[in-house]
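Student: pasted the sequence and its predicted model underneath.
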Amino acid sequence: MYKNHRISLVLPCYNEEHGLVEVFRDLNRNIVDEVIAVDNNSTDHTAEVARRFGATVIRETKQGYGAAYKAGLRAATGDIIVTMDADGTYPRNFIPILLDVMIDEGYDFITCDRTGHKDKPSNWLRVFGNDVLNFFILLLFWFRVRDSQSGMWVFRRWILAHLNLTSDGMAFSEEIKLEAMSKKKLIRSTELPIYYKERHGVSKLRIWRDGFYNLFFLFRKRFGLLGYAPPLIDPNDPNLQKR
Ligand SMILES: Nc1nc2c(ncn2[C@@H]2O[C@H](COP(=O)(O)OP(=O)(O)OP(=O)(O)O)[C@@H](O)[C@H]2O)c(=O)[nH]1
Ligand SMILES: [Mg+2]
């Protein structure tokens, strides 16, 4: 619990037995009530490692970052959900700071910006690709985001009842930001800087393929070609705690 809020951490996992050890190394379990590790067809010991650290393991056989997140977010029960990759790149010790900002300042959705700090210089292609996608978001959706591909978000669970999340792939990351940040009257959003570390284990990102797919996705989203996905949680659930 943190300031009277139940906190869930959701981790999408595809062969992350090494990354998970790093995530749990300094995760403060006094703050995080529930960890949901989504095992997305891993062929290593991901599920065993996650269980050993006390996580609830959910299996999702549909392959993909978005598919894994959808399963994990459906299963989460906290009032506030925190997400990050299961590879040790995102800072666990920022969780209470982000929760402070959310609770004290009354935000509903916070996305984290990695662009100001890296512990090693990043691959220029990733930085460039991220900037291209940020630029097209500005062009097509008319709002500014500094790190459209960041995988660390903190949000109140009730907002899931209002988001149209169609992507099962890597574009889920930009889609959740587009959905939350464009509903300005309903959802108070912001982007905050974090630091970012080298990953443990093998990267699953296919830079060119995922980059072009994510760019194409923005156009399909903008021109309404993706249709409608039912909300991940029941909007009429009486237990949904609003701000
Ligand atoms: N790419 C990908 N990631 C998945 C999938 N299923 C679950 N994941 C998890 O989603 C997270 C994101 O994948 P990463 O390989 O870290 O991608 P990335 O962060 O863009 O690249 P790195 O900076 O190299 O870590 C990781 O925790 C993966 O284990 C999947 O089908 N594809
Ligand atoms: Mg990663």
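Tutor: The structure has been received and is ready for your questions. Numbers count the residues shown, from 1 in each chain. Ligands and ions are numbered 1, 2, ... in the order given.
Student: output the below-cut-off pLDDT ranges for this protein.
Tutor: Residues of the chain that meet the criterion pLDDT under 70 lie in 118-122, 241, 243.
Student: can you list the residues of it near ligand 2?
Tutor: By the criterion of Cβ under 5 Å from the ion, the positions of the chain lying close to ligand 2 are 85, 87, 89. C-betas here are computed from N, CA, C, even on glycine.
Student: 8 Å - rerun?
Tutor: The chain comes close to ligand 2 at residues 19, 85, 87, 89-90, 151, 199, 203-205, as judged by Cβ under 8 Å from the ion.
Student: mind listing the helices in the protein by residue range?
Tutor: Counting by DSSP state H, the chain has helices at residues 17-25, 46-52, 65-75, 95-105, 124-141, 172-182, 207-222.
Student: of the residues of the chain next to ligand 2, closest to ligand 2?
Tutor: D85 (3.6 Å; Cβ to the ion).
Student: ok, that closest one - contacts?
Tutor: Neighbour list for D85: 11-12, 19, 151, 199 [criterion: Cβ atoms under 8 Å, 6 or more residues apart in numbering].
Student: for it, grab phi and psi.
Tutor: phi -60, psi 160 (degrees, to the nearest 10).
Student: got the buried residues for stretch 40-50?
Tutor: Across stretch 40-50, burial judged by 16 or more other Cβ atoms under 10 Å covers 40-42, 46-47, 49-50.
Student: same question for stretch 97-116.
Tutor: Along stretch 97-116, the positions that meet the burial threshold by neighbour count (16+ other Cβ under 10 Å) are 98-99, 102-103, 107-115.
Student: what of stretch 3-20?
Tutor: By neighbour count on 16+ other Cβ under 10 Å, the buried set for stretch 3-20 is 5-20.
Student: out of those, which is nearest to ligand 2?
Tutor: For these, the nearest to ligand 2 is G19 (7.9 Å; Cβ to the ion).
Student: could I get the contacting residues of the closest one?
Tutor: Taking Cβ under 8 Å, 6+ apart as the criterion, G19 is in contact with 13, 85-88, 199-201.
Student: just the buried subset of those residues, written out for ChimeraX, thanks.
Tutor: For selection in ChimeraX, the members of the contacts of G19 meeting the burial criterion (16+ other Cβ under 10 Å) are listed in this command:
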select :13,85,86,87,88,199,200,201
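Student: now L140. Nearest residue, chain neighbours left out?
Tutor: The shortest distance from L140 to any residue that is not its chain neighbour, by Cβ to Cβ, 6 or more residues apart in numbering, is 4.3 Å, and that residue is R222.
Student: from L138, how far out is the one you found?
Tutor: 12 Å (Cβ to Cβ, to the nearest Å).
Student: quick one on the thing from earlier: could you verify my assumption that the residue nearest to L140 touches W142?
Tutor: No. Assessed by Cβ atoms under 8 Å, R222 is found out of contact with W142, at 10.2 Å.
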